[in-house]
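S.K.: attaching a predicted model along with its sequence, questions to come.
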Amino acid sequence: MRCFGPYPGLALDILLFTAAKTLRPAYHQGQHQLQADQTIFFRASDIYSMFGHSRANLLSPASPETLDTWFKYEPDKRGKYEGWLLDSLLYQMSHRNLTVDERLPYVVARPSGKGIERVHDGSMQLFRKVTINREPGAGAKRFPVGYELEVDGRFIQNNHLNYQTIYLDDYLRLVSGTSKRSWTNARMLYLRLRNVWGMWQRENMKQLDVSFEHYFELCHMLDFKAAWTERENVSYKHQQAVHRKNAFRLKELFAACCQLESIPFVATITPTSYADRNEYSRQNKREAPPYKITLRKKSALSQQELEQWKLTVPKVAQAMSEQAA
């Protein structure tokens, strides 16, 4: 989300809105249709009323610094799309790919629609084109009447790959307590955990009471520094300090998400033992994560264990998961 500038929360909401608008519940009857691009129609009010954004924020210009960055190489487009934040962001999301770390594999649907594959593409196209409909004769400074957004077929196809129900009430509860960046990260983690739960329900896994998450993948998703190149020449002591900070931030985010009813498990984050690190490196031929993230089903915990877990929830996480006033 950071590739779309200082508005990752709004960009995430737009992706969730788009996924809902392009969902095809009966897609199993014609999976080849998922590969086709699809155009959706909506108003700005559909976005800010669904996700609780301020109408004034969405229909006001982005900061001058952000506009300078976004239109640095396309100054001729600035006059057309700089009027309102939603206009500018939709244009950027249509002309910039979602970037991913090429060092990490991502599971995506095969172009044929049959099965999945792990790729290291480095980027993924989301939208192909946005058309802003305004009143006849109105300039870019006038409020838009509506939007036409052409959604890339590969994005639609991947949204149907092991898709899970997202409980909007729970998603929207992750709004208060700390900075906007923190609650945006909590929402991103919530979406991932809903997907984790869906995969946990597979025939070969649903009987398990325990599962595990990936420290390095989570740090990359949440934009936490967790890896260094040899050129950076960072000391081991400094790296360990950064990992400890990451672990604390992850504990806060997991606690906020795992308090929600739609996340039926809890998470504990503990340092990886020396023996486990050696075993992991031997089997996977890569660096072992400094922390182990263990997920345990709430249904497998005793009442006493649940109460004990609640006592470990940081106060900031409790605030983040409260219903917004």
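M.R.: Sure thing, it's come through.

S.K.: so A247 touches T268, yeah?
M.R.: No - if you go by C-beta atoms under 8 Å, A247 and T268 don't touch, sitting 10.9 Å apart. Any C-beta I mention is one placed from the backbone N, CA and C, and that applies to glycine too.

S.K.: neighbour count: those two, which is higher?
M.R.: A247 (19 against 14; other C-beta atoms under 10 Å).

S.K.: quick check: closest non-adjacent residue to that one.
M.R.: Y291 (4.9 Å; C-beta to C-beta, 6 or more residues apart in numbering).

S.K.: can you pull the contacts of that neighbour?
M.R.: Residues near Y291 by C-beta atoms under 8 Å, 6 or more residues apart in numbering: Y215, H243, N246, A247, L250, I269, T270, P271, T272.

S.K.: in JSON lines, list those along with distance to A227.
M.R.: Shown next, in JSON lines, are the contacts of Y291 (distance: C-beta to C-beta, whole Å):
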{"residue": "Y215", "distance to A227": "11"}
{"residue": "H243", "distance to A227": "10"}
{"residue": "N246", "distance to A227": "11"}
{"residue": "A247", "distance to A227": "15"}
{"residue": "L250", "distance to A227": "15"}
{"residue": "I269", "distance to A227": "18"}
{"residue": "T270", "distance to A227": "20"}
{"residue": "P271", "distance to A227": "18"}
{"residue": "T272", "distance to A227": "16"}
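
S.K.: tell me the buried residues within the residues you listed.
M.R.: Y215, H243, N246, A247, L250, I269, T272 (16 or more other C-beta atoms under 10 Å).

S.K.: what is the stretch of helix or strand the fourth one belongs to packed up against?
M.R.: To tie it back to what came earlier, the one meant is A247. Assigned by DSSP states H and E, A247 belongs to helix 236-258. Under the contact criterion of 3 or more C-beta pairs under 8 Å, 6 or more residues apart in numbering; DSSP states H and E, helix 236-258 touches helix 180-200, helix 215-221, strand 265-271, strand 291-297, helix 315-320.

S.K.: where does the stretch 201-325 of the chain have low pLDDT?
M.R.: For the stretch 201-325 of the chain, applying pLDDT under 70 flags the ranges 313-325.

S.K.: domain assignment for this protein?
M.R.: Domain assignment of the chain by automatic domain parsing yields the ranges 2-159, 168-320.
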